[in-house]
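Undergrad: Build me a structure from this.
(2 chains, ligands or ions: 2)
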Protein chains: 2
Amino acid sequence: MELPAELLQTLRAHFGERLSQAASVRQQHGKDESHFSAFPPDAVLFARSTADVAFAVKECARFGVPVIAFGTGTSLEGHIAAIKGGVTIDLAGMNAILAVRPEDLDVTIQPGVTRKQLNEHLRDQGLFFPIDPGADASLGGMAATRASGTNAVRYGTMKDNVLGLEVVLADGSVIRTGGRARKSSAGYDLTRLMVGSEGTLGIITELTLKLHGVPEAISAATCPFPSVEAAIDTVILTIQSGIPIARVEFLDQTMIAAVNTYSKTDHQIAPTLFFEFHGSPASVAEQAERVASIAAEFGASGFQWATTTEERTRLWAARHTAYWAALALRPGAKAWTTDACVPISALARCLLETKADLDRSGLISALVGHVGDGNFHALVLVDPGNPAEVALAERLNQGIVARALALGGTCTGEHGIGMGKKDFLAAEAGGALSVMRAIKQALDPDGILNPGKIIKD
Amino acid sequence: MELPAELLQTLRAHFGERLSQAASVRQQHGKDESHFSAFPPDAVLFARSTADVAFAVKECARFGVPVIAFGTGTSLEGHIAAIKGGVTIDLAGMNAILAVRPEDLDVTIQPGVTRKQLNEHLRDQGLFFPIDPGADASLGGMAATRASGTNAVRYGTMKDNVLGLEVVLADGSVIRTGGRARKSSAGYDLTRLMVGSEGTLGIITELTLKLHGVPEAISAATCPFPSVEAAIDTVILTIQSGIPIARVEFLDQTMIAAVNTYSKTDHQIAPTLFFEFHGSPASVAEQAERVASIAAEFGASGFQWATTTEERTRLWAARHTAYWAALALRPGAKAWTTDACVPISALARCLLETKADLDRSGLISALVGHVGDGNFHALVLVDPGNPAEVALAERLNQGIVARALALGGTCTGEHGIGMGKKDFLAAEAGGALSVMRAIKQALDPDGILNPGKIIKD
Ligand SMILES: Cc1cc2nc3c(=O)[nH]c(=O)nc-3n(C[C@H](O)[C@H](O)[C@H](O)COP(=O)(O)OP(=O)(O)OC[C@H]3O[C@@H](n4cnc5c(N)ncnc54)[C@H](O)[C@@H]3O)c2cc1C
Ligand SMILES: Cc1cc2nc3c(=O)[nH]c(=O)nc-3n(C[C@H](O)[C@H](O)[C@H](O)COP(=O)(O)OP(=O)(O)OC[C@H]3O[C@@H](n4cnc5c(N)ncnc54)[C@H](O)[C@@H]3O)c2cc1C
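TA: Numbering: from 1, shown residues only, chains lettered A, B, ... in the order given. Ligands and ions are numbered 1, 2, ... in the order given. The predicted structure follows:
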C-alpha cells in the first residue's frame, strides 16, 4: 500500500523529522518478539504529545488509512504487525511521569513509560508498581494487552491496576475514562473496555495507575521438587489455603538448565518453584513457614532463601530472562509461546498433559509459569524458516488451547489475541464475539485502528 | 402505555400465572427504596430460567416494548422505574446456587440469589462472598450496579469479584462472557462492560463469582473519636500505611445516636469508626495494634473489641441497618442518599465541607461511609410530599457532587446512575459519554433495555 500523497504531506508538515519511511525503521516496527514474520507499516511517526496522536489519527481517518499504536514491540501474537499497511505511531517518546501522589498511592504517566523506568522513579518514595511482564514493556502496551506477570497472584493484572485513561479515539477525538477515586459506579466501565483492546478501539495517551507501598518485609526463595506434580500440588494447596503469596513461579527442568547456563546460576536441575512473600516481618515469616510445610508434604525440602536485596534481585532477574535463556538453547530459533490459563484445580492435569505432548513432539521446549494464577507458558523452539516445524508448533498450541478451554480456562492468560489467536478467541467467546464486533464497529466504523487483530473477519 | 395485545397474549401463553398486571404488583416493581416516585411497568413477569428471560426479551423486542430487569429493588437512583412503561422481569425466582467449587474458590449462581442466601449456603464450607450492600440485594442487581459495601477496601467491588456472566442481549440471544480462569487477555472485557450497566445492555441470567476463604482470625472493634477530622485522619493514615484492613466504616454523631436507638446499642455519641481485621491470628493482632496506635495519635483511645462471633455479628448488623435507623429519626420521611467518592487524601476536606453544608441546611441528615475507599453517604431526610425540601436536598446533592468532582472523585462510588444521576454522569464523563452512547446504540439499537437510565438523551 502506498500512503496518499496528501496525507504524507500533512503528516510530514506536522511531524517533520519525527516521520520516518526508512526501511529499517519500518521493518523494526512491523515485527514483534514472536515467531511471526514482519508486516512493516508504510510510515512511522514518533509522537511526543496527545495532540500529536490526535492529529495523526484524525488525518489518517480522513483517508481511511490504518493506524497502529506501538509501545516497545514486545508483544507475542503479531499485535503490532501492519497487516494492511498504514501508519505506526511509536509512543516510546511519550515517557514522562506526570504526577506521583504518594498520599493517594497513584501515579499519572504517559504511555511510553516502561515498567522499569516507573519503578526506578518510585523507589525513593517507598512505592512500586507490581505488574512486570518479562520484557521491559511500556505501560501503554501493557494496558493494551491486559498484561500481568509474576506479581499478579497477589496484586492483580493491568485490569486491576489502571484507575483511569486518556484515549484518542478513531476519529481523533480525545476522551478521559475512569478517574482517581478508588471505586465508581458512574456508567459503563470504559477503562476496562480499553484495557486489553490492543489498540483496536483507541490509543492510550495517558494512564493513572494504582501504586503499592514497598512491603516492610520481603522474602524470596527457590525450591526444587521431586516432580512436576509435587511442585504444582504445592501451588494449588497454597492458593486454596488463602496464603497471600506475592509471587509463585514454576520452571521445569529444561528451563532451569537453560537459566543456569544463561544467568550463570547453579539451581539443582529439577522442577522448581520461585517464591516471594510480602508483608510485615511477622506475616512474611508466617507465610514462608506455611508454604514450606506444604512443600514438605509433597516431598520438597531444599528451600534456598535469598536473604539480601542483591540475592533477591538476582533471583528475579534470572526468572525475567527465562525467555532469552530458553532461546539460547537453540541458537537461531524463535520461540512459539503458548499462554493457557486454567482454574487452579485443573492446573496439574493441564500442565502434565501438555508436557507429555511436548515431549512426544521432538521439538525443544521449556515450561515456565505464573502458576498461582493457573497460567503457564510453553516456549516451543522452532526454526521459523522450517514450515514443518512451524506447523508442528502450531498443532501443539492448538492442542494446548483446546485442553485449556475444555478445562474451563482461556486461550490467553496475559499475552492477548493479536493476529495469532483470532480463531481461538472465536472458539472461546462463542456468541460473545459478535458483541465484540458490534463494539468495534461502533467505536471504529472504518476499521482503521490496528486492523486485523482480535476479531476474525 | 398499553402493551400490544399480541405481545401480552404470547407472554401469557408462556408465563401463565407468572405474568401479573395487578396494580399492587406493578406498583411494587415501579418503586425502589429511594425518594423517587413510582413508575410502574405495564406487566411483571416472574422468570424461572434463562429461557424465560430470553423468550420475554425476544418478544418484547419484536414490539419495541421496554424490558426492565428487577432483582430486589433496593437500588437508590430510580434504577428500576419503568419510565416508559413496558415489562419488568422479576429475577428473584431464579435463585439457584448452581455449583460451588471450593477447590477453585468460585461459585456459579442464578441472578436472584441474594448476598445473605449465598453466604448462608457457603458458611459450612469455610468460604464467603465479601460484597455486602446494606440491603440484602440480589447478586444480579449487585453486578448490574457495580455494588460494593463494607468489605470493598480489602476485597474490591463487584467489578473485582465477577469472573464470568451469562447475559441475555436486547434481541433475546444469550451470550457468555469471561470464564473461570483467574485472568485472561482474550478480547474485550465484556464482563466488566456488563458489570455496572444497570440492565441497559443486557440481562444477567447467571454469574460466576470469586469466593474467599473465611479468615482464620477476625477481630472487630468500634472506636469513638474527638472529632470528624480525627476519625478521618486515622483512616487516611491507615490506608496510606498499607495496612490490609478488611473494613473501616465511619458514622457521625447523628448516625451513632440513630443506631443506638434503632439497634438498642450504647455507643458513645461521637464520630465513630467501626473496624474489622482479617488474617492469621498474628497478623490480625499486628494490624489491630498498628491501627490502634494511629488512632491514639489522633486522640482516640476507647477501642471496644467485639470478641465473640455474636458480638461481631451484632456490631455489623447495627452498621447494616444504619439506613433504617436514620429513617427512624423522622418518621414518614424518605432518605435522599448521596454517594460521593474521592481520592483518600481529599476525604477529610470533602466530608467536613459536606457536613458544614448539611448543618446549615436545617434538614436532618446523618453521615455514614465506606471511608477506606474514600466513599461516604449523607442520608438527608426529606418529606417527599414537600417540594421545597426535595429541592433543597437536590441542591445539597449537587453541591456534594460538584465538590467530589473538583477533588478528582466521582458522583457515585457504588450506587450507580439510574435516572437520578444522569446529569452528573454527563458532567463527570465529558466526551466519554458519547462512547457510552455509541455502545448502548450498538448493543440495544431500539433502546428497549431499561430506557431512560444512565445516559442523558
Ligand atoms: C521475554 C518476554 C517476556 C514476557 N513476559 C510477559 C509476562 O510475564 N506477562 C505478560 O503479560 N506479557 C509478557 N510478555 C508480552 C509483552 O511484554 C506484553 O504483551 C506487553 O504488555 C507488551 O507491551 P509493549 O509496550 O511491548 O506493547 P507493544 O508490543 O508495542 O504493543 C502491544 C499491543 O498494544 C497496542 N498498544 C501499544 N501501546 C498502546 C497504546 N499506548 N495505546 C493503545 N494500544 C497500544 C499495540 O497496538 C499492540 O496491539 C513478554 C514478552 C517477552 C518478549
Ligand atoms: C439500606 C440500603 C443500603 C445499601 N447499601 C449499599 C452499599 O453499601 N453498597 C452498595 O453498593 N449499594 C448499597 N445499596 C444499594 C443497593 O442495595 C444496590 O444498588 C444493589 O446492588 C441493588 O441490588 P438489587 O438486587 O436490589 O437490584 P435492583 O434494585 O432490583 O436493580 C438495580 C439495577 O440493576 C438492574 N438489574 C437487576 N438485576 C439485574 C440482572 N439480573 N441483570 C441485569 N440488570 C439487572 C435493574 O434493572 C436496575 O437498573 C443500599 C440500599 C439500601 C436500601
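Undergrad: Would the helix or strand containing A:Val107 count as contacting ligand 1?
TA: A:Val107 belongs to strand A:106-109 when assigned by DSSP states H and E. No. Strand A:106-109 stays clear of ligand 1 (Cβ under 6 Å from any ligand atom), getting no nearer than 10.9 Å. For the C-beta atoms, the positions are set from N, CA and C on the backbone; glycine is no exception.
Undergrad: Output the contacting helices and strands for that strand.
TA: For strand A:106-109, the contact count by 3 or more Cβ pairs under 8 Å, 6 or more residues apart in numbering or on different chains; DSSP states H and E identifies strand A:97-101, helix A:115-123, strand A:203-210 as packing neighbours.
Undergrad: Would you mind listing what in chain A touches ligand 1?
TA: A:32-33, A:68-76, A:79-80, A:91, A:111, A:133-135, A:137-138, A:140-142, A:144-145, A:147-149, A:198-199, A:203-204, A:323, A:414-415, A:450.
Undergrad: Let me see the ranges of the helices in the stretch 251-400 of chain A.
TA: A:253-263, A:281-297, A:309-320, A:322-327, A:347-361, A:387-406 (DSSP state H, counting those that start in this stretch).
Undergrad: right, and A:Ile299 touches A:Asp233 too?
TA: No Ile there; residue A:299 is Gly. No. Contact status for A:Gly299 versus A:Asp233: not in contact, 9.7 Å apart, counting by Cβ atoms under 8 Å.
Undergrad: how far away is the most centrally placed residue in chain A from ligand 2?
TA: Central residue of chain A (Cα atoms, centre = their mean): A:Ala147, 3.6 Å from the mean position. Here A:Ala147 is placed at a distance of 29 Å from ligand 2 (Cβ to the nearest ligand atom, to the nearest Å).
Undergrad: count of neighbours near A:Asp124?
TA: 7 (other Cβ atoms under 10 Å in any protein chain shown).
Undergrad: go on, the one 3 residues further on?
TA: A:Leu127 sits with 21 neighbouring residues when counted by other Cβ under 10 Å.
Undergrad: now swap in the one 4 residues further on and tell me
TA: The number of residues packed near A:Ile131 is 27, by other Cβ under 10 Å.
Undergrad: Ok, A:Leu352 next?
TA: Applying other Cβ under 10 Å, we find 14 residues neighbouring A:Leu352.
Undergrad: Would you mind measuring from it to ligand 1?
TA: As judged by Cβ to the nearest ligand atom, A:Leu352 and ligand 1 stand 22 Å apart.
Undergrad: still on that earlier bit, of the helices of the stretch 251-400 of chain A, give the one that comes closest to B:Ser219.
TA: Nearest to B:Ser219, of all the helices of the stretch 251-400 of chain A, is helix A:281-297, at 14.9 Å by Cβ to Cβ.
Undergrad: List the contacts of that closest one.
TA: By Cβ atoms under 8 Å, 6 or more residues apart in numbering or on different chains, the list of residues contacting helix A:281-297 from outside reads A:215-219, A:221, A:223, A:225, A:234, A:237-238, A:241, A:243-245, A:273, A:275, A:277-279, A:301, A:303, B:279-280, B:282-283, B:286.
Undergrad: correct me, but A:Val248 touches A:Gly374?
TA: No. Look at A:Val248 against A:Gly374 with Cβ under 8 Å: they stay out of range, at 11.2 Å.
Undergrad: For the two, work out which one has more neighbours and name it.
TA: In this view A:Val248 and A:Gly374 are compared by other Cβ under 10 Å, and A:Gly374 has more residues nearby, 33 against 25.
Undergrad: surely the more buried one meets A:Arg349?
TA: No. Counting by Cβ under 8 Å, A:Gly374 sits too far from A:Arg349 to count as a contact (11.2 Å).
Undergrad: give me the number of residues near A:Gln9?
TA: By other Cβ under 10 Å, 11 other residues sit near A:Gln9.
Undergrad: next one: A:Gly16
TA: The burial count assigned to A:Gly16 is 8, neighbours taken as other Cβ under 10 Å.
Undergrad: Show the contacting residues for the residue nearest to A:Ser345 when sequence neighbours are not counted.
TA: Excluding its sequence neighbours, the residue lying closest to A:Ser345 (Cβ to Cβ, 6 or more residues apart in numbering or on different chains) is B:Glu103, at 4.0 Å. Residues near B:Glu103 by Cβ under 8 Å, 6+ apart: A:Ile236, A:Gln240, A:Ile344, A:Ser345.
Undergrad: how about 10 Å then?
TA: A:Ile236, A:Leu237, A:Ile239, A:Gln240, A:Pro343, A:Ile344, A:Ser345, A:Ala346 (Cβ atoms under 10 Å, 6 or more residues apart in numbering or on different chains).
Undergrad: can you check A:Asp339 too?
TA: A:Asp339 neighbours (Cβ under 10 Å, 6+ apart): A:76-77, A:369, A:375-378, A:397, A:400-401, A:404, A:410-416, A:420-421, A:424, B:184-186.
Undergrad: Sort out for me which of the residues you listed are in strands.
TA: Judged by DSSP state E, strands contain the following of those: A:Gly369, A:Asn375, A:Phe376, A:His377, A:Ala378.
Undergrad: Which pair of the residues you listed spans the longest distance?
TA: A:Asn375 and A:Ala378 (11.7 Å).
Undergrad: Quick check: neighbours shared by the two?
TA: A:Asp339, A:Ala340, A:Gly369.
Undergrad: Show me which of those residues is closest to chain B.
TA: Closest approach between those and chain B, by Cβ to the nearest Cβ: A:Asp339, at 7.8 Å.
Undergrad: measure the closest one to A:Thr145 for me?
TA: 11 Å (Cβ to Cβ, to the nearest Å).
Undergrad: Mind checking the pLDDT average for stretch A:369-379?
TA: Confidence for stretch A:369-379, expressed as mean pLDDT, is 97.
Undergrad: A:Ala221 is in contact with A:Ser301, correct?
TA: No. Using Cβ atoms under 10 Å, A:Ser301 makes no contact with A:Ala221, being 11.9 Å away.
Undergrad: which of the two has more neighbours?
TA: Neighbour count, other Cβ under 10 Å: between A:Ser301 and A:Ala221, A:Ala221 has more, with 21 against 11.
Undergrad: In which helix or strand does the more buried one reside?
TA: Here A:Ala221 is assigned to strand A:217-224, by DSSP H and E.
Undergrad: hey, C-alpha coordinates of that strand in CSV?
TA: Extracted C-alpha coordinates of strand A:217-224, given in CSV (Å, rounded to 0.1, in the frame of the first residue of the first chain):
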residue,chain,number,x,y,z
ALA,A,217,9.5,-7.2,54.7
ILE,A,218,10.2,-9.2,51.5
SER,A,219,11.5,-12.7,51.5
ALA,A,220,12.2,-14.9,48.5
ALA,A,221,13.2,-18.5,47.9
THR,A,222,13.6,-21.2,45.3
CYS,A,223,12.8,-24.8,45.9
PRO,A,224,13.4,-27.9,43.7
